[in-house]
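> Return atomic coordinates for the entry below.
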Amino acid sequence: MKNFVFCLSAAFSTVFFAGAASAQTKWDLPTGYGANSFQTRNVQQFASDVEKLTDGKLKITLHPGGSLYKANEIKRAVQSGQVQAAEFILSSAANENPLFGADSIPFLATSYPAARRLYEAAKPAQDKLLASQGIKVLFSVPWPGQSLYSIKPVNTPADLVGTKMRAYNPATARIAQLLKAQPVTIQLAELGQALATGGVQNFLTSSASGVESKLHEQVKYFYPVSAWLPRNATVVSQKAFDALDKPTQEAVLKAAAAAEVRGWATSEKADAEYIKELGAKGMTIAAPSDSVKAALTAIGETMTAEWLKTAGAEGQAVIDAYRKP
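Numbering: from 1, shown residues only. Just a heads-up that it's a prediction; the model follows:
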């Protein structure tokens with residue numbers, strides 16, 4: 001009889017603990033950015049908050065640096081259900097639909113407040129588009145703006161005419177063309193060598209890239225033009241989200257809302273700190289002149305019009321909402 005009770009108790013314990021273990025849901029969340037990026041740290045904090053808010057019921061494992069999927073594979077991985085959640089830069093999907101590239105139209109939104117307005121204007125259309133692909137947006141955070149670096153002072157637009165300007169995508173090549181500069185295709189990893197050999201004289205990139213790539217060693221002038229502030233989106237498969245119980249869903253949304261507020265504040269603070277560091281390391285930090293600002297604004301108008309030709313009525317609605325007083 002004692003043996004029977006012992007066996008029954010052991011069986012009950014096995015079932016109980018197996019049930020408790022199976023109650024924990026596990027998500028994988030790949031990102032193409034390194035573990036030390038402020039974007040990645042923010043997503044990690046989100047994952048930690050979710051685990052805490054759910055008492056361990058939902059555990060999200062972050063896979064940084066393209067370790068699970070390469071950056072250009074991540075959106076497809078969550079869309080196809082290979083992973084439950086993911087982070088990727090929205091504009092990387094602009095080849096699928098121009099609406100994904102709204103936040104990367106050059107010289108349209110050139111400050112954090114403007115980028116926030118553009119985000120709110122584009123969000124309904126972008127969310128609807130992603131929902132049609134089975135993806136739910138949790139939160140979105142911008143990178144610091146793309147600013148102008150030059151080996152020589154840029155006092156007027158004429159100072160850029162005929163110079164070799166780094167290009168790394170169609171938009172940057174078009175900017176060079178409109179400035180009457182010569183676009184030269186160079187990836188960030190090759191930029192140092194190109195500067196050393198005179199292969200490039202100016203370019204647009206973020207303050208973060210300037211610090212991380214030690215661009216102050218070869219470039220002496222920095223103009224914070226914030227050409228655009230591209231956003232990352234942290235998303236979840238709608239199917240995976242729907243499989244959660246209501247309290248867990250609410251916990252995810254609460255952690256996501258906090259991550260968005262924190263991420264925007266961190267991005268703006270990091271931008272200021274990066275620019276300060278570039279100045280401390282010998283770069284001349286100067287506001288663009290009125291003539292340069294006017295030229296860049298004109299380029300923004302041209303490229304916005306070009307984007308609208310591809311984005312159609314939905315794109316026009318985004319721009320109208322953004323520009324609404």
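
> Please identify the buried residues of the strand or helix carrying L62?
Element membership of L62 [criterion: DSSP states H and E] is strand 58-63. Along strand 58-63, these residues count as buried under the neighbour rule (16 or more other C-beta atoms under 10 Å): L58, I60, L62, H63. Every residue, glycine included, has its C-beta placed from N, CA and C.

> out of these, who's nearest A85?
Relative to A85, the closest of the buried residues of strand 58-63 is I60; by C-beta to C-beta it sits at 6.5 Å.

> tell me which element the residue nearest to that closest one when sequence neighbours are not counted falls in.
Counting by C-beta to C-beta, 6 or more residues apart in numbering, the nearest residue to I60 once its immediate chain neighbours are dropped is A47, at 3.9 Å. Element membership of A47 [criterion: DSSP H and E] is helix 38-53.

> what does S147 give?
strand 146-150.

> ok, the residue nearest the centre of the chain - contacts?
The chain has N232 as the residue nearest its centroid, 2.5 Å off, counting by C-alpha atoms, centre = their mean. Counting by C-beta atoms under 8 Å, 6 or more residues apart in numbering, N232 touches Y33, Q39, E87, F88, I89, L90, S140, V141, P142, W143.

> which of those residues has the most neighbours?
E87 (29 neighbours; other C-beta atoms under 10 Å).

> Surely it is in contact with A233?
Yes: at 7.0 Å, E87 and A233 qualify as touching, with contact defined as C-beta atoms under 8 Å.

> tell me the phi and psi of the closest residue to D28 other than its chain neighbours?
The spatially closest residue to D28, leaving aside those adjacent along the chain, is V83, at 4.7 Å (C-beta to C-beta, 6+ apart). Note on V83: backbone dihedrals following degrees, to the nearest 10 are phi -130, psi 160.

> With P183 instead?
Phi and psi for P183, reported as degrees, to the nearest 10, are phi -70, psi 130.

> Could you report the separation of it from V236?
Summarising the geometry, the distance separating P183 from V236, computed by C-beta to C-beta, to the nearest Å, is 38 Å.

> Compare those two (neighbour count), which wins?
The residue with more neighbours, out of P183 and V236 and counting by other C-beta under 10 Å, is V236; that gives 23 against 19.

> Return the residues in contact with the more buried one.
Per C-beta under 8 Å, 6+ apart, neighbours of V236: W27, V78, Q84, A85, I135, K136, L138, V252.
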